[in-house]
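Engineer: The following block contains a protein sequence and its predicted model.
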Amino acid sequence: MPDNRSDLRKKIVSRWTELKTERAPYIDQWLAISNFITPASGRFLSETSPQNLGRSRWNKIYNNTATRAANILAAGLMSGMTDPSSQWFALTTGDPNLDSTYAAKQWTDQVQRILEMAFQRTNTYQALHHGWREVGTMGIMAIVILEDPLNGFYCVPLVAGEYCIGVNYKGEPDTLYRRFSMTAGQLVSKYGRKAVGRNVLMCYDKGDFDRRFRILHAIEPRFDRDPTKIDNLNMAYRSIVMLLDNDGEHDGILEESGYNEFPAVVGRWGASGSDIYSEEAPGMVALGDVKQLQHQELQKGNAIDFQVDPPKILPTSAKDKIIDFLPGGMNFIDMPTSGNQVQSAFNVSLNLQHLTADMQEVQQRINQAFNVDLFLMLSGSTKNMTATEVAERHEEKLMMLGPVLSRLNHEVLRPLIERAFNILQRA
């Protein structure tokens, strides 16, 4: 354990720098995905005006095919894997012989009902829907599950660029560093006056409650602990919350505590080999097509504008006059010769058929990348189907994404259920 809190701060900041270096190659791609597909995501990717970035990015989307495809993918994963209206998980003791006994069946059934009610009572499903869209576009999702005295627990969904992750020797995520911001009022209210330091107190005391400060929350395995003790400083995972904007005199550490198990669920669409982050998500695969479609949509709009309202050549005598080109407009200009008549400066006839056909092909590639055809399989059918046929098509739809769903089941659903179970059991 570090000798003092200053050493602890240096250690956390040093690892935060290393984790950001590991994440750096993906930032530009995430930012492009946020610009052209999901403007509401990745709002922490820039240091300036993070709250307004999502709004300005909407202005770059001229065709919403990719945004709609991402929403369909998220809704499809939600209904296929974690549908709130169906039983999407089942508990087991891990022993087939024990599972077959009446007592075990009764116990697992009761626990499952408790978990289902807890998921309905909390914001679990809202966080999962957000996560499915994140993993489908950015290739990674993260949800922090924290204990709550009222409802047992609550979920904090994160956005790409806000956090960094690390993995253990098995390649499983076991470290999460998150950088976010809190106001002076929030900091004093949550951590108290003694913990926040001089900079925060100066803003708070002069009434500047909404001044924001950068916060770093580090969650990682605690290797130097005494397992015989059960206090917060000897739990399996360490939690450090510290102020990055400290005053130099204060170490900036707001809270040091721990968790019995890794409190975050981190899912990846598909990490190759020893890679920590995923490069195979639909949003990444379709990004080139999405950029092409946005460019083509803009060009098509320009072409239509040229034909509907082309630039005009006017006589010099009309320079200082107000010209009315609306139907029925009357303009009084001296035109002694036919050469001074108003004429179009752009007389090329534009054929948009080829451009439109290519755009439809690009849209089809984007929808295929997001598996829209699979998730809308039933809505596109024109024949009446039995319940068995519907179930078979549903299974076929999920089978096409088998490897991805297997990874998400291992990295998201199982840790989510285990974390919720452990929290409720301790409560």
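Structural biologist: Everything's here; your move.
Engineer: Contact partners for the most centrally placed residue in the chain?
Structural biologist: When CA atoms, centre = their mean is applied to the chain, the residue found nearest the centroid is E134 (3.4 Å). E134 makes contacts with 41, 140-142, 157, 159-160, as judged by CB atoms under 8 Å, 6 or more residues apart in numbering. C-betas here are computed from N, CA, C, even on glycine.
Engineer: Tell me, please, the helix or strand in the chain that averages the lowest pLDDT.
Structural biologist: Within the chain, no helix or strand scores below helix 50-57, which has a mean of 56 by mean pLDDT, DSSP states H and E.
Engineer: I'd like the next helix or strand past that one.
Structural biologist: Downstream of helix 50-57, the first helix or strand assigned by DSSP states H and E is helix 65-81.
Engineer: next helix or strand past that following helix?
Structural biologist: helix 96-99.
Engineer: which residues are in contact with the helix or strand following that next one?
Structural biologist: Counting by DSSP H and E, the element after helix 96-99 in chain order, helix or strand, is helix 102-121. By CB under 8 Å, 6+ apart, the residues outside helix 102-121 that reach it are 84, 87, 89-93, 98-99, 124-125, 151-153, 417, 420-421, 424.
Engineer: Which of the residues you listed are buried? Put it as a ChimeraX command.
Structural biologist: A single ChimeraX command selects the buried members of the contacts of helix 102-121 (16 or more other CB atoms under 10 Å):
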select :91,124,152,153,417,420,421
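Engineer: and the helix or strand harbouring the residue nearest to the centre of the chain, how far out from the chain's middle?
Structural biologist: E134 belongs to helix 124-137 when assigned by DSSP H and E. Centroid separation for helix 124-137 versus its chain: 7 Å, with CA atoms, centre = their mean, to the nearest Å.
Engineer: Report the rounded mean pLDDT for the helix or strand following it.
Structural biologist: Sequence-wise, the next helix or strand downstream of helix 124-137 (DSSP H and E) is strand 140-148. Mean pLDDT, strand 140-148: 95.
Engineer: Give me the sheet partners of strand 140-148 and which way each runs.
Structural biologist: Using DSSP bridges, the strands paired with strand 140-148 are strand 152-157 (antiparallel), strand 264-268 (antiparallel).
Engineer: looking at those, which is buried most?
Structural biologist: Mean neighbours per residue, mean count of other CB atoms under 10 Å, is largest over the strands paired with strand 140-148 for strand 264-268, with a mean of 26.
Engineer: Now do the helix or strand following that strand: everything it contacts.
Structural biologist: Once strand 264-268 ends, the next helix or strand along the chain (criterion: DSSP H and E) is helix 282-285. For helix 282-285, contacts defined as CB under 8 Å, 6+ apart pick out 29, 33, 37-38, 66, 69-70, 73, 136-139, 269, 278, 369-371.
Engineer: Same check on stretch 192-211?
Structural biologist: Against stretch 192-211 from outside (CB under 8 Å, 6+ apart): 183-185, 187-188, 213, 243, 245-247, 249-250, 252-255.
Engineer: make it 10 Å
Structural biologist: Contacts with stretch 192-211, where a contact means CB atoms under 10 Å, 6 or more residues apart in numbering, come from 181-191, 212-213, 241, 243, 245-255.
Engineer: End to end on that stretch, go ahead and measure it.
Structural biologist: From its first residue to its last, stretch 192-211 covers 16 Å (CA to CA, to the nearest Å).
Engineer: Let me see the mean pLDDT of that stretch.
Structural biologist: pLDDT averaged over stretch 192-211 gives 90.
Engineer: Flag every buried residue along it.
Structural biologist: For stretch 192-211, using 16+ other CB under 10 Å, the buried residues are 195-197, 199-201, 203-204, 211.
Engineer: Sitting in helices, which of the residues you listed do you find?
Structural biologist: Judged by DSSP state H, helices contain the following of the buried residues of stretch 192-211: 195-196, 199-201, 203-204.
Engineer: Farthest-apart pair in these, please.
Structural biologist: Across those, no pair lies farther apart than A195 and C203, at 14.9 Å, counting by CB to CB.
Engineer: Tell me, how many residues neighbour the closest residue to G131 other than its chain neighbours?
Structural biologist: Distances taken as CB to CB, 6 or more residues apart in numbering put M141 closest to G131, at 3.8 Å, once the chain neighbours are dropped. Residues near M141, counting by other CB atoms under 10 Å, number 28.
Engineer: So in terms of bridging, what pairs with M141?
Structural biologist: Residues in a beta bridge with M141, per DSSP bridges, are G267.
Engineer: wait, it sits on E162?
Structural biologist: No: between M141 and E162 there is no contact under CB atoms under 10 Å: 11.6 Å.
Engineer: What residues sit buried inside the longest helix that the chain contains?
Structural biologist: Ranked by residue count under DSSP H, the longest helix found in the chain is helix 5-36. Residues 8-9, 12, 15-16, 19, 23, 26, 29-36 are the ones in helix 5-36 that count as buried (16+ other CB under 10 Å).
Engineer: For stretch 149-169, C-alpha coordinates in CSV please.
Structural biologist: The C-alpha coordinates for stretch 149-169 follow below in CSV (Å, rounded to 0.1, in the frame of the first residue of the first chain):
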residue,chain,number,x,y,z
PRO,A,149,-30.3,1.8,0.4
LEU,A,150,-33.8,2.4,-1.2
ASN,A,151,-34.0,0.0,-4.2
GLY,A,152,-31.0,-2.2,-3.5
PHE,A,153,-28.9,-0.9,-6.4
TYR,A,154,-28.9,1.4,-9.3
CYS,A,155,-27.0,1.5,-12.7
VAL,A,156,-24.8,4.2,-14.1
PRO,A,157,-24.4,3.8,-17.9
LEU,A,158,-21.2,5.2,-19.3
VAL,A,159,-20.4,6.5,-22.8
ALA,A,160,-17.3,5.8,-24.9
GLY,A,161,-14.5,8.2,-24.3
GLU,A,162,-15.6,8.8,-20.7
TYR,A,163,-13.7,5.8,-19.4
CYS,A,164,-10.8,3.4,-19.9
ILE,A,165,-10.6,-0.3,-19.1
GLY,A,166,-8.0,-2.9,-18.2
VAL,A,167,-8.2,-6.7,-18.3
ASN,A,168,-6.7,-9.5,-16.2
TYR,A,169,-4.6,-12.4,-17.5
